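**Student:** Okay, predicted coordinates and the sequence, questions at the end:
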Amino acid sequence: MAEQDLIRFLSKISQLQSLADRVQQDPSSRERLADCADHNQVVQLAQSWGFDIGRRWGERDPEPGGGSNLLATPCPPPGAESTQVLASAETWRLLLIASNAYRSPSDEWMDQPDHEWVLVLRGSACVALQNPDRMVDLSPGDHLLIPPHQRHRVERTDHKPGTLWLALHWDAA
């Protein structure tokens, strides 16, 4: 482990210990923490108390201005998605999708005529598929192949810094 990673790891342990001490000593803090429904709410609450516990192992600090680093892509507003075409040709296109607490409308399903392969780069997501019905949870590094006309929708993506994924679409022919 590089020295910088070790320092960051030890700092996170210290932050978590301080957060645990606060929750053990303050009943109202304990109640507020117990009311959190997921990791993102815990991170947000901890941030409001001055603790930085949100970064997952291996995630780098975002670089200012984005540049050519895909991982520095800014997060859209809550409840939204943004899509950028990174490359394309006649029969395929490669997209970068940034989502922030996004969910497809509950009464709508995507039904695409082409193949789609998605890879989560940052954050996490849950995708619902039909026929056969299943839910697929995705974390960084996880990928999913969606064949043509496989009805699907996004059930959940992470809050800020959001979910970032690559999507490759290509013709079914």
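**Tutor:** Now that the structure is in, tell me what you want to look at.

**Student:** next helix or strand past the helix or strand hosting Ser11?
**Tutor:** Assigned by DSSP states H and E, Ser11 belongs to helix 3-25. Proceeding N to C from helix 3-25, the next assigned helix or strand is helix 27-34, under DSSP H and E.

**Student:** got a list of contacts for that next one?
**Tutor:** Outside of helix 27-34, the residues within contact range by C-beta atoms under 8 Å, 6 or more residues apart in numbering are Arg22, Val23, Gln24, Val42, Leu45, Trp49. Backbone N, C-alpha and C define where each C-beta goes, glycine included.

**Student:** Now with 10 Å, please.
**Tutor:** Applying C-beta atoms under 10 Å, 6 or more residues apart in numbering, the contact partners of helix 27-34 are Leu19, Ala20, Arg22, Val23, Gln24, Asp26, Gln41, Val42, Leu45, Ala46, Ser48, Trp49.

**Student:** Show me this protein divided up by domain.
**Tutor:** 3-48, 70-170 (automatic domain parsing).

**Student:** which of these sits most buried?
**Tutor:** For those, the largest average neighbour count (mean count of other C-beta atoms under 10 Å) is found in domain 70-170, namely a mean of 16.

**Student:** what is the rounded mean pLDDT of that one?
**Tutor:** Averaging pLDDT along domain 70-170 yields 93.

**Student:** so how far is that domain off the chain centroid?
**Tutor:** Here domain 70-170 shows a centroid-to-chain-centroid distance of 10 Å under the convention C-alpha atoms, centre = their mean, to the nearest Å.

**Student:** Compute the first-to-last residue distance for it.
**Tutor:** Across domain 70-170, the terminal residues are separated by 21 Å (C-alpha to C-alpha, to the nearest Å).

**Student:** Same question for stretch 133-149.
**Tutor:** End residues of stretch 133-149 are separated by 14 Å (C-alpha to C-alpha).

**Student:** same deal with stretch 102-118?
**Tutor:** By C-alpha to C-alpha, one end of stretch 102-118 lies 16 Å from the other end.

**Student:** picking up where we left off before, can you give the distance of the helix holding Ser11 from its chain's centre?
**Tutor:** From the chain centre to the centre of helix 3-25 is a distance of 23 Å (C-alpha atoms, centre = their mean).
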